[in-house]
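S.K.: Any chance you can model this:
(one chain, ligands or ions: 1)
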Amino acid sequence: MTDNPMFDPKAFRLSNLESELCAKVRDFGQSTLAPRAEKWDRDAVFPTENYRDMATNGLLGICIPKESGGLGADYRAYCLAAAEMGRYCGATALTWNMHVSSTLWTGSLLDTLEMSPQAKEAQDKRSTVHRKRILEDGAVYSQSFSEGGAAAAGAVAWGTLVKRTDKGWLLNGKKIFASLAGNANYYGVLCTDVTDGEPSRRNTLYLAVPADAAGVSVVGDWDPLGMRGTVSRTLLFDNVIVDPVNELMPQGSYFEMAVGWPHMFLTLAPTYMGICQGAYDFTVKYLRGEYPGTPPVKRRMYPTKQIAVAEMLIKLEQTKALWFQVISEACYKPSKEQLLRAYAAQYTVMENANDICRLAIRTCGGQSMLKSLPLERMYRDSRCGALMLPWTSELCMDRIGHGALYEAGEKDD
Ligand SMILES: Cc1cc2nc3c(=O)[nH]c(=O)nc-3n(C[C@H](O)[C@H](O)[C@H](O)COP(=O)(O)OP(=O)(O)OC[C@H]3O[C@@H](n4cnc5c(N)ncnc54)[C@H](O)[C@@H]3O)c2cc1C
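M.R.: Numbering: from 1, shown residues only. Predicted coordinates:
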């Protein structure tokens, strides 16, 4: 039987495009991603087969405008579709997000910033190069910004540095936890341009570094608790020359976006929104004795099970409602209330994903923990959400607490 939409198009007043994209991803997720998900998790290998399929079914180009040959999703349409994917395979949804950001950030989000006609023309040229690679060659992009210091939290400039030279950008540095390492064709790298002086966050450059460029290497092993199929190993850049054609954004735009479009950092949440739904779906089917591959034993008649499911549904609906509001109001230069609500939504999704999985295992019982079933994978995958910089659960709490008590520029004397 086909799963119901996470967000009923009529009840949530989705656009036709949103509804179609969600249905496309849900069908693909249920029929293709879910049966394969255990394999990537068990061996901690990248879901290459899924990506081949996504090159064919157009999902690699979900945020590329229709007039350029893509599926034309904007911020909200992508978030809704990505949640449907997270429901079936967390690792594929999370890595897809890294790939999609290379077109979403540089496309419909960047379009909302003010730009001179010349800058706009230059950006269109850049985008054409990247979009063609994705749509015609099936190229996959990663999004590597974590470095192990304070840069990924937005506190200091990136320690990965570039200098302009006659041959192109000269890149040196290291990125940790780079999902798709060894599997992407281009590493989307945030780095600091130090050609003209000291490192500054304002001089961030967003480059697509070809994976096969001289001086690029992937090091370290990958054997984590959850999200094992993301293969988030370490990337080293040793005197790598990057052709300026690989710039993803105009200089200075990344900093302007990071400040003016904070919801851009909320796109890790859809994966975990999907896990919330996946764990709930599993529990209902399991307690009804209908989960494929398990004995047809009903457990739904026990009042404690009913209470647990009620608790899960309440958490799920609370999470969906807040998250839906926040992805619906995402915009350039949000108000303080909108920003605090976005932090609250990120925190809620990431914490509740793990909590709903915890409740699911407790109420379904010992057999539901077996590796032949998806629930224990969801439980482990869900644990990773709260750790994703720059909006970890801790940092969201810090920012909500401070933001609620202080107006801009206020100090305690
Ligand atoms: C499965 C998975 C996939 C990932 N994929 C990617 C990817 O594709 N690309 C990418 O760039 N990164 C990726 N990351 C990395 C992720 O975004 C974080 O950078 C990483 O989890 C940080 O780990 P750490 O131990 O270095 O944390 P630390 O930097 O040591 O931080 C530990 C905790 O301290 C807090 N903290 C950190 N900095 C500050 C600060 N300045 N002020 C206050 N509190 C702070 C945060 O709550 C944080 O969780 C991935 C992580 C995981 C788990």
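S.K.: Going by C-alpha atoms from here, please, whenever you check contacts or count neighbours.
M.R.: Will do.
S.K.: and whichever residue of the stretch 151-300 of the chain sits closest to the ligand, how many neighbours?
M.R.: When scored by CA to the nearest ligand atom, the stretch 151-300 of the chain has residue 179 as its residue closest to the ligand, at 3.7 Å. Residue 179 is flanked by 29 other residues according to other CA atoms under 10 Å.
S.K.: any idea how far residue 13 is from the nearest residue to it once chain neighbours are set aside?
M.R.: Once flanking residues are discounted, residue 179 sits nearest to residue 232: 3.7 Å by CA to CA, 6 or more residues apart in numbering. Separation of residue 232 from residue 13 (CA to CA, to the nearest Å) stands at 37 Å.
S.K.: Residue 222 now?
M.R.: As judged by CA to CA, residue 222 and residue 13 stand 42 Å apart.
S.K.: Next: residue 78.
M.R.: 16 Å.
S.K.: Neighbour count: the two, which is higher?
M.R.: residue 78 (24 against 11).
S.K.: Would you agree the more buried one falls within a strand?
M.R.: No - counting by DSSP: H, G, I helix; E, B strand; the rest coil, residue 78 falls outside a strand, being helix.
S.K.: looking at it, it is touching residue 63, isn't it?
M.R.: Yes - with contact defined as CA atoms under 8 Å, residue 78 reaches residue 63; the gap is 7.0 Å.
S.K.: quick one: contacts for residue 393?
M.R.: Going by CA atoms under 8 Å, 6 or more residues apart in numbering, residue 393 touches 346-347, 350-351, 386-387.
S.K.: now with 7 Å?
M.R.: Each residue near residue 393 by CA atoms under 7 Å, 6 or more residues apart in numbering is listed here: 347, 386-387.
S.K.: restrict those residues to contacts with the ligand.
M.R.: When CA under 6 Å from any ligand atom is applied, the members of those adjacent to the ligand are residue 387.
S.K.: just checking, which of the contacts of residue 393 belong to strands?
M.R.: With DSSP state E as the criterion, strands contain none of those.
S.K.: Any of the contacts of residue 393 buried? List them.
M.R.: With burial judged by 16 or more other CA atoms under 10 Å, the buried subset of the contacts of residue 393 is 347, 386.
S.K.: mind checking the backbone torsions on the residue nearest to residue 212 when sequence neighbours are not counted?
M.R.: Distance criterion CA to CA, 6+ apart; nearest residue to residue 212, sequence neighbours excluded, is residue 185 at 7.7 Å. Dihedral pair for residue 185: phi -90, psi -30, per degrees, to the nearest 10.
S.K.: Over to the one 4 residues further on?
M.R.: Dihedral angles of residue 189 (phi, psi; degrees, to the nearest 10) stand at phi -110, psi 130.
S.K.: Flag every residue of the stretch 151-300 of the chain that's near the ligand.
M.R.: Within the stretch 151-300 of the chain, the positions adjacent to the ligand are 153, 155, 177-179, 227, 232 by CA under 6 Å from any ligand atom.
S.K.: Save those as CSV, and put in secondary structure and distance to residue 276 too.
M.R.: Shown next, in CSV, are those (DSSP: H, G, I helix; E, B strand; the rest coil; distance: CA to CA, whole Å):
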residue, secondary structure, distance to residue 276
153, coil, 25
155, coil, 31
177, strand, 24
178, strand, 24
179, coil, 22
227, coil, 15
232, coil, 23
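S.K.: Identify, from these, the entry nearest to residue 145.
M.R.: Among these, residue 178 lies closest to residue 145 (CA to CA), at 7.6 Å.
S.K.: quick one, what contacts the closest residue to the closest one other than its chain neighbours?
M.R.: Leaving aside its sequence neighbours, residue 178 sits nearest to residue 232 (CA to CA, 6+ apart; 4.4 Å). Neighbouring residues of residue 232 by CA under 7 Å, 6+ apart: 177-181, 222.
S.K.: and if we set it to 6 Å?
M.R.: 177-179, 181 (CA atoms under 6 Å, 6 or more residues apart in numbering).
S.K.: Distance-wise, check it relative to residue 405.
M.R.: Noted for residue 232: a distance of 37 Å to residue 405, by CA to CA.
S.K.: cool, residue 328 as well?
M.R.: To residue 405, residue 328 is 26 Å away according to CA to CA.
S.K.: More neighbours: those two, which one.
M.R.: Between residue 328 and residue 405, counted using other CA under 10 Å, residue 328 has the larger neighbour count: 13 against 9.
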